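Trainee: Generate a structure from the sequence data that follows.
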Amino acid sequence: MKSFITADIESESQQSPLGSFKKVYKIKKKNNIKKWLWGIFIVSVLAMFLPWTQNIRARGLITTLRQEQRPQEINTIIGGRVTKWYIKEGDFVKEGDTILLLGEVKVDYFDPQLLSRTQQQIDAKQQSIEGYVSKAGTAETQTTALLQGQVLKLQSLDNKLQQQQLKVTSDSVDLIAVINELNVYQRQIDAAKVMLDSGAISLVDFEKRRVNYQNATAKKVGAQNKFSQSKQELIILRIEKNSIVQEYTDKISKVAGDKFSSLSSAASTEAEVAKLENVYASYDARNKLYYIKAPQNGQVIKAKKAGIGEILKEGEMIVEIVPSQIQYAVEMFVDPMDLPLINIGQKVRFVFDGFPAIIFSGWPQNSYGTFGGKVSAVETSVSSNGKFRVLVAEDPQDKKWPVQLRMGGGASGIALLKDVPIYYELWRNINGFPPDYYKPATVTDQTNKAY
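Mentor: All right, here's what the predicted structure looks like:
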């Protein structure tokens, strides 16, 4: 009955002039919805077994690996006042270009001829050194002359001593001869007394012998006096020799003292010259510090002083310079939970702010507009934001980073991890599990090579 009614309705809808009957859903109309549903289900199940690259996402800023390539402050080493600006903010400068000229503010350095006057002092001191050295040389000559004079004087005295010694010897021989003669006369007078008493000789003969004895006694006294005088003169010559040695020693010591005093004065003056040369070098270096020059090629930004005559303190910042040649890197901040998954040499994909990109986080090879990098450093101390800082350098095996990058620009990093099936990644995210721990192939290879 039901099929009959349905057939009538279908026949009437075909014959009816109204178009609404033809558009009404037909009960037994054949369609492909069921096939599409089954196809989508089968494709979805198969897609669950496709590989999916686990990753860690983190925001970062563009920086550089080397400290000298980062923006640096240019400070003044000495205090001064702004005399002249040679650049304006935003200019590009080369290494050695003059940025600013400073004027002096300390009274000690106001003299415009400070260097020349200091040089005059150095020259005068050097002349004093030459005078002291000449005086020491003269003292040396005097010492030589005194030594030669002492030798000659002592030689003369030695000759006199030898002569006197011979004289003493001669006088001693004479004295012995006189004593022997006196002894002979003594025996003769003794014998004469006996003979006089016995009447053998006359009194006249006895008196003659007494006179001879007395003359011999006088000669003995004269010889003794002469011998004593000779010995006394010998002693006087020896004393004179010692006196001459002492005299020349005193003179030589005095001249040597003058010599060493001159050398000491020369050394002291040399110390003063060295001190003045140090002061001169400091003055010269200070004059060069009036010109503030660019330490490297780059752009000048952030000028702290503006007008002419403004005062700068020692160590105060003048401008900041951004180097032209920079090896860019990205500093990412990773959560502590993800830090164990970051290793040196690990691959990272970046999306730089301002550069369009189409991202498939699970299929990085199919993404567009991303740039490759390698982890070069992982800090072991937490940053002020509670995350760990990771430095990523440009991957030399990937395409080059854009030349339009600038320091401080933003970047979104995707650290690539293991390849896992999609169903496993869905199950992990549903349960809130972290990505699987792993080490990149580069680290493993290096470890194997080490062993």
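Trainee: ok, now which ones touch Ile342?
Mentor: 56, 334, 375, 378, 388, 390, 415 (C-beta atoms under 8 Å, 6 or more residues apart in numbering). All C-beta spots, glycine's among them, are computed from the backbone N, C-alpha and C.
Trainee: Phi and psi next, for the nearest residue to the third one once chain neighbours are set aside.
Mentor: Excluding the flanking residues, the one nearest Val375 by C-beta to C-beta, 6 or more residues apart in numbering is Gln346, at 4.4 Å. Dihedral angles of Gln346 (phi, psi; degrees, to the nearest 10) stand at phi -70, psi 140.
Trainee: swap in Leu115?
Mentor: phi -70, psi -40.
Trainee: do you know how far the nearest residue to it once chain neighbours are set aside is from Thr118?
Mentor: With C-beta to C-beta, 6+ apart as the criterion, Leu115 has its nearest non-adjacent residue at 5.5 Å, and that residue is Tyr283. According to C-beta to C-beta, to the nearest Å, Tyr283 and Thr118 sit 6 Å apart.
Trainee: What's the local residue count around Pro71?
Mentor: Counted with other C-beta atoms under 10 Å, the neighbours of Pro71 add up to 17.
Trainee: Next, work out how far apart it and Glu314 are.
Mentor: Noted for Pro71: a distance of 22 Å to Glu314, by C-beta to C-beta.
Trainee: One more: Gly90?
Mentor: In this view, Gly90 and Glu314 are 27 Å apart by C-beta to C-beta.
Trainee: what do you get for Glu207?
Mentor: Distance of Glu207 to Glu314, given as C-beta to C-beta: 123 Å.
Trainee: and the helix or strand where Thr118 lies, what does it pack onto?
Mentor: In this assignment (DSSP states H and E), Thr118 forms part of helix 114-198. The contact analysis (3 or more C-beta pairs under 8 Å, 6 or more residues apart in numbering; DSSP states H and E) places helix 114-198 against helix 203-289.
Trainee: by contact count, what packs against the helix it packs on?
Mentor: Helix 203-289 packs on helix 114-198, going by 3+ C-beta pairs under 8 Å, 6+ apart.
Trainee: Could you tell me how far the helix it packs on lies from the centre of the chain?
Mentor: Centroid separation between helix 114-198 and its chain, computed with C-alpha atoms, centre = their mean, to the nearest Å, is 65 Å.
Trainee: in the stretch 301-450 of the chain, which spans are helices?
Mentor: Counting by DSSP state H, counting those that start in this stretch, the stretch 301-450 of the chain has helices at residues 422-431, 441-450.
Trainee: Show me what Arg349 is bridged to.
Mentor: Counting by DSSP bridges, Arg349 forms beta bridges with Gly372, Ile414.
Trainee: surely it meets Gly372?
Mentor: Yes: judged on C-beta atoms under 8 Å, Arg349 makes contact with Gly372 at a distance of 6.2 Å.
Trainee: neighbour-wise, which of these two wins?
Mentor: Using other C-beta under 10 Å as the criterion, Arg349 and Gly372 rank with Arg349 on top: 23 against 19.
Trainee: contacts for stretch 161-174?
Mentor: 223, 226-227, 230-231, 233-234, 237-238, 241.
Trainee: Could you rerun that using 10 Å?
Mentor: Applying C-beta atoms under 10 Å, 6 or more residues apart in numbering, the contact partners of stretch 161-174 are 154, 219, 222-238, 240-241.
Trainee: can you name the farthest residue from the center of the protein?
Mentor: Gly199 (124.2 Å; C-alpha atoms, centre = their mean).
Trainee: Glu379 reaches Ile344, doesn't it?
Mentor: No: checked against C-beta atoms under 10 Å, the pair Glu379 and Ile344 is beyond contact range at 12.0 Å.
Trainee: contacting residues for Asp197?
Mentor: Contacts for Asp197 (C-beta under 10 Å, 6+ apart) come out as Phe206.
Trainee: I'd like the numbering to begin with 56 instead of 1 from here.
Mentor: Fine by me, first position is 56 from now on; the one you just mentioned is Asp252.
Trainee: Quickly note the distance from it to Tyr240.
Mentor: Distance, Asp252 to Tyr240, using C-beta to C-beta: 19 Å.
Trainee: Report the buried residues of stretch 193-200.
Mentor: Within stretch 193-200, the residues scored as buried using 16 or more other C-beta atoms under 10 Å are 194, 197-198.
Trainee: export it as CSV, just CAs?
Mentor: Only the C-alpha atoms of stretch 193-200 are listed here, as CSV (Å, rounded to 0.1, in the frame of the first residue of the first chain):
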residue,chain,number,x,y,z
THR,A,193,135.7,63.9,36.5
ALA,A,194,135.7,62.3,39.9
GLU,A,195,136.8,59.0,38.3
THR,A,196,139.7,60.8,36.6
GLN,A,197,140.7,62.4,39.9
THR,A,198,140.6,59.0,41.6
THR,A,199,142.9,57.6,38.9
ALA,A,200,145.3,60.6,39.3
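Trainee: Tell me which residues are up against it.
Mentor: Counting by C-beta under 10 Å, 6+ apart, 306-318 sit against stretch 193-200.
Trainee: Please repeat the previous calculation with a cut-off of 7 Å.
Mentor: Around stretch 193-200, the neighbours that count as contacts under C-beta atoms under 7 Å, 6 or more residues apart in numbering are 307, 310-311, 313-314, 317.
Trainee: do stretch 450-460 as well
Mentor: Stretch 450-460 has contacts (C-beta under 7 Å, 6+ apart) with 117, 383, 407, 410, 426-429, 449.
Trainee: Considering these, which member attains the minimum pLDDT?
Mentor: Ranked by pLDDT, the contacts of stretch 450-460 bottom out at Phe410 (81).
Trainee: I'd like to know how many residues surround that residue.
Mentor: By other C-beta under 10 Å, 16 other residues sit near Phe410.
Trainee: Next, it: phi, psi?
Mentor: phi -120, psi 120.
Trainee: what's the answer for Pro451, then?
Mentor: Taking degrees, to the nearest 10, you get phi -70, psi -20 for the backbone angles of Pro451.
Trainee: And it, how far from Val148?
Mentor: Applying C-beta to C-beta, the value for Pro451 to Val148 is 30 Å.
Trainee: Comparing those two, which residue is more hemmed in?
Mentor: Val148 (21 against 8).
Trainee: check contacts around that one.
Mentor: Val148 sits next to 142, 154, 349, 353, 355 when contact means C-beta under 7 Å, 6+ apart.
Trainee: now Val310
Mentor: Residues near Val310 by C-beta under 7 Å, 6+ apart: 194, 197-198, 201.
Trainee: Also Ala246?
Mentor: Listed by C-beta under 7 Å, 6+ apart, Ala246 has no contact partners.
Trainee: try Phe261
Mentor: Listed by C-beta under 7 Å, 6+ apart, the contact partners of Phe261 are 247, 251.
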